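**Q** structure for the following, please:
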Amino acid sequence: MTDLPDPVSDIELDLFLEGLNRRYHYDFRSYSRSSLMRRAEVARDRLGCASLSELQGRMLREPDALHEIIDSMTVQVSDLFRDPSYYRALRDQVVPHLRTFPSLKVWVAGCANGEELYSLAILFAEEGLLDRTMFYATEINRRALVKAGAGVYDIGRIPGFTANYQLAGGRSSLSDYYTAAYGGAAFNRALRQRTVFSEHDLATDQVFSEVHLVSCRNVMIYFDSALQDRVLELFADSLVRGGFLGLGAHETLRFSSRSAAFTAFNEQERIWRRSTCTEYPHA
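**A** The predicted structure is shown next:
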């Protein structure tokens, strides 16, 4: 027999999300419903609450609980050069176009703990573009931003990072880019010297710069279709004409009402290009 949805839990989730938005201005209300329920239950368990109503009460009255809640509500799982073929396509197919610009801006949207940022920084360094590129690494989770800014990862993750780097067409040894000590690998400061780390909520915030590449991987899969359209419009407004958008392996523009703003560049690797037309349809 299929379990029926619990109407009380649904109401509790609605009230919890409303309180989180009104109290702290974090808006998760347009995220995938099933994903939200799972994450809210993780936050409930972490804080030892018996129900989402109890979690809501602690969230409203105990500001220190917010960090644990936001950690639970956001996904911070990634790897250096995750999906290596994506980075290989950037290196071989996108970089030649980016070279034509005298200076570059790259937006890493939903940067989590920074793995995607350092992947791109290493790639740009090897392609001679790092010194003329400004990176914007944005994330809704403040703790994740701090980790991204530090660029320190558990040494046990390095073998996986190294394998991905090699498959992505790395031109050197990954060890050239970090220093290992005390069980951690600290990536070189030079990789983030031209990076702005900033809080940014894709659900509510607006365009903040004109960029040549947006890399937002495995973020939109957690959004409902309306929020996905909103985010794609934000990316279209952020990109220069002919700029590039990279998404995650299970994300697509194919069914979006904003797809006309982009043309497929390498759809297999989920890379699109901003349309060069002057207008595109808005809702």
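**Q** domain map for this structure?
**A** Structural domains assigned to the chain are 7-73, 84-274, following automatic domain parsing.
**Q** put together TSV for those domains, with mean pLDDT and mean neighbour count on each row.
**A** Quick note: C-beta positions are derived from backbone N, CA and C, even for glycine. TSV is the format used below for those (pLDDT from 0 to 100; neighbours: other CB atoms under 10 Å):
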stretch	mean pLDDT	mean neighbour count
domain 7-73	90	16
domain 84-274	95	18
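**Q** what's stretch 145-165 in contact with?
**A** 79-82, 84, 111-115, 117-118, 122, 137, 139, 174-175, 178, 180, 183-189, 191-192, 197-199 (CB atoms under 8 Å, 6 or more residues apart in numbering).
**Q** ugh, wrong one, I meant stretch 234-252
**A** 83, 86, 90, 94, 97-98, 107, 109, 202, 206-221, 253, 258, 261-262, 265, 267, 269-276, 280.
**Q** list the contacts of the nearest residue to Cys49 once chain neighbours are set aside.
**A** Counting by CB to CB, 6 or more residues apart in numbering, Leu55 is the residue found nearest to Cys49 once chain neighbours are left out, at 4.4 Å. Residues counted as contacts of Leu55 (CB under 8 Å, 6+ apart) are Phe16, Ala40, Ala43, Arg44, Leu47, Cys49, Ile69.
**Q** helix or strand: which one has the third one?
**A** Under the assignment given by DSSP states H and E, the secondary-structure element containing Ala43 is helix 33-46.
**Q** any idea which helix or strand comes after that helix?
**A** Assigned by DSSP H and E, the successor of helix 33-46 is helix 52-61.
**Q** next one: that next one to chain centre, how far?
**A** 27 Å (CA atoms, centre = their mean, to the nearest Å).
**Q** do stretch 160-180 as well
**A** Using CA atoms, centre = their mean, the offset of stretch 160-180 from its chain centre is 21 Å.
**Q** wait, is Gly246 part of a strand?
**A** Yes - assessed with DSSP: H, G, I helix; E, B strand; the rest coil, Gly246 lies in a strand.
**Q** tell me the secondary structure of Ala203, please.
**A** coil.
**Q** next, give phi and psi for it.
**A** phi -80, psi -20 (degrees, to the nearest 10).
**Q** OK, contacts around it?
**A** Ala203 is in contact with Asp27, Phe28, Arg29, Ser30, Tyr31, Phe223, Leu227, Arg230, Val231, counting by CB under 8 Å, 6+ apart.
**Q** just say helix, strand or coil for the residue lying closest to it once chain neighbours are set aside.
**A** Nearest residue to Ala203 in three dimensions, chain neighbours excluded: Asp27, at 4.5 Å (CB to CB, 6+ apart). Counting by three-state DSSP, the backbone at Asp27 sits in coil.
**Q** so who does Asp27 touch?
**A** Asn21, Asp201, Ala203, Thr204.
**Q** from those, which single one is nearest Ser35?
**A** Ala203 (13.7 Å; CB to CB).
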